[in-house]
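Colleague: one predicted model, sequence on top.
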Amino acid sequence: KERGYRSKRIYVNALIYTILHLKRFQVEVIGDGESYYKGNCYSIALGNGRYSGSGMLQTGMSEIDDGLLDVLVIPVVSVFSIIKEIRRVFDGTTNESKVMLYRRCRNLKLVPLNAKSADVIEIDGEIEGRLPLEVSVTGQMVNVLTGEE
């Protein structure tokens with residue numbers, strides 16, 4: 001992107017690179033007060049809209065005005081399993097995956113389970129901090145706060 005390229009190809013190339021260099025981290029995912037994933041994962045995507053990364057549909061069921069945050073967790077599974085499921089990121093069917101976890105909530109907490117797992121937070125392609133993260137959707141708007149507590 002820094003060189004001015006704008007196409008789905010740069011995201012596909014980044015995805016291939018990421019799959020080949022997967023880094024796992026341990027996290028607890030808590031949606032609306034319920035812990036629905038705790039363990040190793042490769043990636044977590046949040047969205048209040050369907051599209052990301054030049055048309056990818058990681059949160060393909062998301063509606064921008066429903067007051068919910070859609071969450072996609074990619075747990076640690078075999079690279080072969082991820083490759084078999086990767087089409088879902090492009091066709092919007094991640095919610096139908098038997099490998100990836102898809103949930104919707106109003107309040108989300110991502111809590112690292114150890115110091116090594118305080119992984120980076122990327123927002124719209126920019127590194128913005130490290131875990132833990134707490135996000136709340138209220139009504140039909142999202143308040144975004146940045147900076148130190």
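Modeller: The structure has been received and is ready for your questions. Residues are numbered from 1 along each chain as shown.

Colleague: avg pLDDT for the lengthiest strand in the chain?
Modeller: Using DSSP state E, we find that the single longest strand of the chain is strand 34-47. For strand 34-47, the mean pLDDT works out to 92.

Colleague: identify the bridge partners of the residue nearest to N95 when sequence neighbours are not counted.
Modeller: Nearest residue to N95, sequence neighbours excluded (CB to CB, 6 or more residues apart in numbering): Y102, at 4.1 Å. C-beta here means a position set from N, CA and C on the backbone, and glycine is covered the same way. When assigned by DSSP bridges, Y102 has beta-bridge partners L72.

Colleague: next, the contact list for the residue nearest the centre of the chain, please.
Modeller: The centre of the chain sits closest to A45, judged by CA atoms, centre = their mean, with a distance of 0.9 Å. Residues in contact with A45 (CB atoms under 8 Å, 6 or more residues apart in numbering) are S52, Q58, T59, V71, L72.
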